[in-house]
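> compute the structure for the input listed below.
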Amino acid sequence: MATKVYIVYYSMYGHVEKLAEAIKKGASSVEGVEAKVWQVPETLSDDVLAKMSAPPKGDAPIISPSELAEADGLIFGFPTRFGMMAAQFKAFLDATGGLWRTQQLAGKPAGIFYSTGSQGGGQETTALTAITQLVHHGMIYVPMGYTFGAGMFEMEHVKGGSPYGAGTYAGDGSRQPTELELEQAFHQGKYIAGIANKLKGSA
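Numbers count the residues shown, from 1 in each chain. A predicted model of the protein is given here:
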């Protein structure tokens, strides 16, 4: 049976969605892995989203908390809000109490990716504060470390991401993920999918 890797994200302006698609490509490049992209439910009304000039949501299906248990590996993505995950994603995780009670996510490898508005906007704290969610579920946090190689040390151009996971900068919303940021996201997907594959194979 294929190793299932679920990339689960929330994206208001599309930046995290673009990273998610690159991560899926990376995960899918690993032999024996079946990668799928999901998005969590929106908590804001259409009226509020319109006032915030948010574009329409992508085509990824909406995931329910119970569906997380189907995955062999999980990669969670979200934009930052004051250095922490957006409330929409936190609300989704708050609904996973049933999975916590039965420990259905325990032992599953999980990674994190994110988008922030600026270079000091939470590229590391957004992931760091999200680790608590993984810990309480008993999931195995898989940081990217410096496995992306030279791309981790880019100094000539602005680049999101850190050893915690792939990332991008949204700026005022007009900046889009760069080619290097998308390559890093692809790498993260491939890296975590490979680990999920190994863990399932040794089970």
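
> contacts, neighbours, all on C-alpha from now
Fine.

> Ser202 versus the residue positioned nearest the centre of the chain, what's the distance?
For the chain, the residue nearest the mean C-alpha position is Gly77 (2.4 Å; Cα atoms, centre = their mean). Distance from Gly77 to Ser202, counting by Cα to Cα, to the nearest Å: 27 Å.

> what does the most far-flung residue of the chain relative to its centre show for phi and psi?
In terms of distance from the mean C-alpha position of the chain, Asp47 ranks first, at 26.6 Å (Cα atoms, centre = their mean). With angles defined as degrees, to the nearest 10, Asp47 sits at phi -60, psi -40.

> report pLDDT for it.
Asp47 is assigned 96 on the pLDDT scale.

> thinking again about what came up before, contacting residues around the helix or strand containing the residue nearest to the centre of the chain?
For Gly77, the host element (DSSP states H and E) is strand 73-81. Residues from elsewhere that reach strand 73-81, judged by Cα atoms under 8 Å, 6 or more residues apart in numbering: 3-12, 16, 20, 68, 85-87, 89, 108-117, 121-122, 126, 189, 192-193, 196.

> max-length helix in the protein?
Using DSSP state H, we find that the single longest helix of the chain is helix 179-202.

> can I get the CA coordinates of that one in PDB?
The C-alpha atoms that make up helix 179-202 are tabulated as PDB, following Å, rounded to 0.1, in the frame of the first residue of the first chain:
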ATOM      1  CA  GLU A 179      11.700  30.100  -7.400                       C
ATOM      2  CA  LEU A 180      14.100  29.300  -4.600                       C
ATOM      3  CA  GLU A 181      11.400  29.300  -2.000                       C
ATOM      4  CA  LEU A 182       9.300  26.900  -4.100                       C
ATOM      5  CA  GLU A 183      12.400  24.700  -4.600                       C
ATOM      6  CA  GLN A 184      12.800  24.600  -0.800                       C
ATOM      7  CA  ALA A 185       9.200  23.600  -0.400                       C
ATOM      8  CA  PHE A 186       9.600  20.900  -3.000                       C
ATOM      9  CA  HIS A 187      12.600  19.600  -1.000                       C
ATOM     10  CA  GLN A 188      10.600  19.700   2.300                       C
ATOM     11  CA  GLY A 189       7.900  17.600   0.700                       C
ATOM     12  CA  LYS A 190      10.400  15.100  -0.600                       C
ATOM     13  CA  TYR A 191      12.300  14.900   2.600                       C
ATOM     14  CA  ILE A 192       9.400  14.400   4.900                       C
ATOM     15  CA  ALA A 193       7.700  11.900   2.500                       C
ATOM     16  CA  GLY A 194      10.900   9.900   2.500                       C
ATOM     17  CA  ILE A 195      10.900   9.700   6.200                       C
ATOM     18  CA  ALA A 196       7.200   8.800   6.300                       C
ATOM     19  CA  ASN A 197       8.000   6.000   3.800                       C
ATOM     20  CA  LYS A 198      10.800   4.600   5.900                       C
ATOM     21  CA  LEU A 199       8.700   4.700   9.100                       C
ATOM     22  CA  LYS A 200       5.800   2.900   7.400                       C
ATOM     23  CA  GLY A 201       8.200   0.300   5.900                       C
ATOM     24  CA  SER A 202       9.700  -0.500   9.200                       C
END
